[in-house]
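Asker: need the 3D shape of this:
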Amino acid sequence: MSLIVSSESNDKTRTMVPEGPHVARCTAVIDLGTQTQEWKGETKHNRKVLISWEFPEITAVFNQEDGEQPLGRSLHYNASLHEKSTLRKHLAAWRGRQFTDKELEGFDLKSVLGVPCLATVMHKKKLDGTVTDRIDNISALPKGLKCPDAVNEAYCYAIENHPTNWDRLPEWVKRQLEESPEYKAIAGAKSAPEEPEQAPEEETDECPF
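Answerer: Predicted coordinates:
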C-alpha cells in the first residue's frame with residue numbers, strides 16, 4: 001500500500017447548477033415523517049416533505065453506462081400550508097395562483113409530480129467555506145417557454161404505503177426517513193414476523209354462551 005500523501009482531495013467534484021433561472025421538472029415527492037432539528041438553540045420537531053426536480057438542460061455523466069443525465073436538486077419543506085410557510089409560497093408561485101379555502105383544507109402534493117416549473121438557483125457559501133447550489137425560488141413557466149420531456153420517471157413515497165418506491169430513494173434520504181417515528185412505527189410493524197397460524201379448535205356441540 002502506498003504511503004504517499006498529498007494536499008489534493010480524492011473527493012468527487014460536485015457538478016454545480018449555474019446560478020439563475022432554469023427550466024426544471026418535478027421528479028419526486030417524498031414524505032420524510034417528523035424530523036428533529038436544532039434552530040437558534042431550540043429543538044424543533046416538524047413533519048417534513050422533500051420535493052425533487054431535474055434540470056433537463058443541465059447534464060453531467062455520473063455513470064458511463066448511462067451517459068449524460070440531468071442534474072437534480074431537492075428542497076426540504078415543512079409539510080404545512082400555513083400562510084407563512086415556504087411550501088405554500090412556492091406552490092402558489094408555481095401554480096400561478098393562490099390557494100382557495102377548499103384547497104387549503106387538503107392539497108394532494110402528488111399533483112405536482114411531473115409538472116415543469118422555473119427554478120431559480122443561487123450559489124451560497126456554507127459555514128465550512130464550501131459553496132453549494134441551492135434552489136432559491138420556484139415559479140410557473142413563463143408563457144411560451146417549454147420544458148424538455150422528463151428523463152426520470154416521477155414517483156412518490158409515503159410512509160403509510162411503505163415499502164412502495166423505497167428502492168428508488170437515495171441513501172441519504174433513507175437515513176433521514178429511518179430517524180422519523182412514523183417510519184419506525186410502520187416499517188417496524190410491517191417487518192415483524194407474522195403470528196404462527198394456530199390449529200383450529202375442535203368442533204363441539206356445546207353452546208359457546
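
Asker: check which element follows the longest strand along the chain along the chain.
Answerer: Taking DSSP state E as the criterion, the chain has its longest strand at strand 42-63. Sequence-wise, the next helix or strand downstream of strand 42-63 (DSSP states H and E) is strand 67-78.

Asker: could you export that next one as CSV, CA atoms only?
Answerer: Taking Å, rounded to 0.1, in the frame of the first residue of the first chain, the C-alpha atoms of strand 67-78 are listed here in CSV:
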residue,chain,number,x,y,z
GLY,A,67,-24.2,8.7,-20.5
GLU,A,68,-25.3,12.3,-19.8
GLN,A,69,-28.1,12.6,-17.2
PRO,A,70,-29.9,15.8,-15.9
LEU,A,71,-28.7,17.3,-12.7
GLY,A,72,-31.2,17.0,-9.8
ARG,A,73,-31.8,19.2,-6.8
SER,A,74,-34.2,18.9,-3.8
LEU,A,75,-35.8,21.1,-1.2
HIS,A,76,-36.9,20.3,2.3
TYR,A,77,-40.2,21.8,3.4
ASN,A,78,-42.4,21.8,6.5
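
Asker: chain center to the longest strand of the chain, what's the gap?
Answerer: Distance of strand 42-63 from the chain centroid (CA atoms, centre = their mean, to the nearest Å) equals 6 Å.

Asker: ok, stretch 90-104 next?
Answerer: Taking mean C-alpha positions (CA atoms, centre = their mean), stretch 90-104 and its chain are 20 Å apart.

Asker: what is the mean pLDDT for that stretch?
Answerer: What stretch 90-104 shows for mean pLDDT is 96.
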